[in-house]
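Chemist: A structural model of the following input is requested.
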Amino acid sequence: MILNVDLVPKLATVDIEINESQYPFFLPLIPYGNYTGDVECMSSYLCRQAEECMMLSHPYSRKLIEKYVLPSHAAKTNKLASMGYHACNGFGVMAGRYIEAITTATNNSIDGRYLTVKPLEYLSSKCSRGFLLDHISWCNECWKEDVASGRTPYTRLYWLFSLSKVCTLHHSRLKKSCSRCGALKPVYAPFPRQWICDSCGHSLIEETPEKGSTEASPKDLWLTHSIYKLIERVWSEKTLLNSNQAKISILRLLESFSMTLQTFCERLNINPITISRFVDGGGRPYFPTLIDICYKLDIPLDNFLFDSDNLTAPENWRSSPCPHFYKSPKITEFRKKKIKESLNNVLTENPYPPINVSSLSCLHHISYNQLNYHFPEEYRMLRERYTAWEIEQREHRRSERLDNLTRSVLSLVKKDTYPSDRKLRDLKLVPASDLRRDDVKSLLRSLQKKYANLEQSNRNCF
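Modeler: Residues are numbered from 1 along each chain as shown. As a prediction, this is how the structure comes out:
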């Protein structure tokens, strides 16, 4: 396939010297939203590239890595599960491969790091817990404006943060699932058009928001705007946060208010162990806790990290309860409704033996922790029933063990044989595992004591 470079729109290109042999593996498209908080994420950029080349997203990614990544790195990439499609916007191994491919393909004209959260790597733990979503969220109005301005609807990087719940432009809640089928939209789906639901083919741009879904709390607005301003500042200044940035900011604040770390944590109702891990221990911060500190201090995250003259007064600090962040894939309202109906049916039918919670979790493809989190009352009732049945079964098995022991001892006594432990075990009248149990040993010793005269008579025979 031969493509003409002149056919690529001028506004969508950068001055890159590329020969035709590189096509159709890479087109010189520029990322949308450069140097702003609306910067395009890596998965969105790769989807646009794949669509321009008339390819599916995943095959395009493989070709891109094979062509532009060093052979030694590409060989290791092939061993990664699922090519790491879900992690292309993060700061892990797979994100590094995509960054290397984009940077090499554009001869360093596009820095692939600023299409991911790589510059913010040291604000999160190495496993990126509580940092990014495992699916995308979107704003319908932003995508409609993209279409009206002649752009391909694209995913903003700040939409992928777990604490970004509001569009900073329209102040409406971000959508997370298809209104028709309730399916989540993967971060990097095989079909490159991000505004199309992969499950039912419904256009996500034309969705109408549900009643009450557009209302955003002041805290959600504050957190999302703080993330947006941080991205805008880091990306516009092309800076990379170092490993001690959060630690230095905390120590600077403690010094300015002459506080100890313990007093500071008590004042903000924060677990001091969480803070001391990266202040004293040299570890990395937990991002939700770090931004929660900024919210309670009323200092935007970018000012907290980069500015030394943070204007804040302790009497104005917020002291809300310590938040609990639940790391788990989200369950849509549609799936919740279906799962709740299934649980109610099980509780109504009350089968015997009761169904284990783990079996129900596997049936609905969720973990039992998620079941407990989203359906606490149903979970409690199911656990109580199953626990009662387990207790009943244990008592039944205990009775059977003791009955078997009694019958075995009496059968030996009828033959004028002393019921020793070895005799019971060798004749396989009682399993060896049962003879080690306390209740069995206690009953056996009582019976042996009662028939001790048989032991003496058996010895006299020999």
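Chemist: C-alpha from now on. contacts and neighbour counts both.
Modeler: OK.
Chemist: so where's the chain uncertain?
Modeler: Residue ranges of the chain with pLDDT under 70: 1-25, 70-86, 207-215, 281, 310-311, 320-330, 455-462.
Chemist: tell me where the longest helix sits in it.
Modeler: helix 376-414 (DSSP state H).
Chemist: in the helix or strand just after that helix, what's buried?
Modeler: Remark: after helix 376-414, the chain's next helix or strand is helix 421-426, criterion DSSP states H and E. By neighbour count on 16 or more other CA atoms under 10 Å, the buried set for helix 421-426 is L424.
Chemist: and if you look at stretch 336-349?
Modeler: 339, 346-347.
Chemist: just the strands in the stretch 151-300 of the chain please.
Modeler: Here the stretch 151-300 of the chain has no strands by DSSP state E, counting those that start in this stretch.
Chemist: what packs against the longest helix of the chain?
Modeler: helix 333-349, helix 357-363, helix 368-374, helix 438-450 (3 or more CA pairs under 8 Å, 6 or more residues apart in numbering; DSSP states H and E).
Chemist: please name every helix or strand in contact with the second one.
Modeler: Packed against helix 357-363, as judged by 3+ CA pairs under 8 Å, 6+ apart, are the following elements: helix 368-374, helix 376-414.
Chemist: the ones you listed into CSV, with extra columns for distance to S164 and mean neighbour count?
Modeler: Shown next, in CSV, are those (distance: least, CA to CA, whole Å; neighbours: other CA atoms under 10 Å):
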stretch, distance to S164, mean neighbour count
helix 368-374, 21, 16
helix 376-414, 26, 15
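Chemist: which one of those lies nearest to D434?
Modeler: Evaluated over those, closeness to D434 peaks at helix 376-414, with 7.2 Å, by CA to CA.
Chemist: one step back: could I get the helices and strands packed on helix 376-414 in CSV, plus columns for distance to P153?
Modeler: Output for the helices and strands packed on helix 376-414, formatted as CSV (distance: least, CA to CA, whole Å):
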stretch, distance to P153
helix 333-349, 26
helix 357-363, 36
helix 368-374, 33
helix 438-450, 70
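Chemist: please identify which of these is closest to L46.
Modeler: So among the helices and strands packed on helix 376-414, helix 333-349 is nearest, using CA to CA, at 30.0 Å.
Chemist: now find how far off-centre the closest one is within its chain.
Modeler: 24 Å (CA atoms, centre = their mean, to the nearest Å).
Chemist: what are the buried residues along stretch 238-247?
Modeler: Buried-residue list, stretch 238-247, by 16+ other CA under 10 Å: 240-241, 243, 246-247.
Chemist: now that stretch - C-alpha only, PDB.
Modeler: Extracted in PDB, the C-alpha atoms of stretch 238-247 (Å, rounded to 0.1, in the frame of the first residue of the first chain):
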ATOM      1  CA  LYS A 238       7.900  19.900  29.900                       C
ATOM      2  CA  THR A 239       9.100  18.900  33.400                       C
ATOM      3  CA  LEU A 240       9.500  15.500  35.000                       C
ATOM      4  CA  LEU A 241       8.800  15.100  38.700                       C
ATOM      5  CA  ASN A 242      11.700  13.600  40.700                       C
ATOM      6  CA  SER A 243      11.400  10.900  43.300                       C
ATOM      7  CA  ASN A 244      11.600  13.400  46.300                       C
ATOM      8  CA  GLN A 245       9.200  16.000  45.000                       C
ATOM      9  CA  ALA A 246       6.300  15.000  47.300                       C
ATOM     10  CA  LYS A 247       8.600  14.500  50.300                       C
END
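Chemist: who's in contact with it?
Modeler: 114, 119-123, 234, 278-279, 284-285, 305 (CA atoms under 8 Å, 6 or more residues apart in numbering).
Chemist: show me which of those is closest to N316.
Modeler: Looking across those and measuring by CA to CA, the closest to N316 is L305, at 19.9 Å.
Chemist: look up the closest residue to that closest one, ignoring the ones flanking it.
Modeler: S249 (5.7 Å; CA to CA, 6 or more residues apart in numbering).
Chemist: hang on, the earlier thing: please indicate which of the contacts of stretch 238-247 are buried?
Modeler: Buried among those by 16+ other CA under 10 Å: 114, 119-123, 234, 278-279, 284-285, 305.
Chemist: which ones among those residues map onto helices?
Modeler: Those of the buried ones among the contacts of stretch 238-247 lying in helices (DSSP H): 234, 278-279, 305.
Chemist: from the residues you listed, which two are the most distant?
Modeler: Across those (CA to CA), the longest gap, 22.5 Å, separates V234 and V279.
Chemist: and the ones in helices among the buried ones among the contacts of stretch 238-247 as CSV, adding distance to L454?
Modeler: Formatted as CSV, these follow (distance: CA to CA, whole Å):
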residue, distance to L454
V234, 90
F278, 72
V279, 74
L305, 86
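Chemist: out of the residues you listed, flag the one nearest to P218.
Modeler: L305 (22.3 Å).
Chemist: give the contact list for S125.
Modeler: 284-287.
Chemist: which one among those residues gets closest to G201?
Modeler: F287 (34.8 Å).
Chemist: quickly note the distance from the residue nearest to that closest one when sequence neighbours are not counted to T106.
Modeler: Leaving aside its chain neighbours, F287 sits nearest to S124 (5.2 Å; criterion: CA to CA, 6+ apart). S124 sits 29 Å away from T106, going by CA to CA, to the nearest Å.
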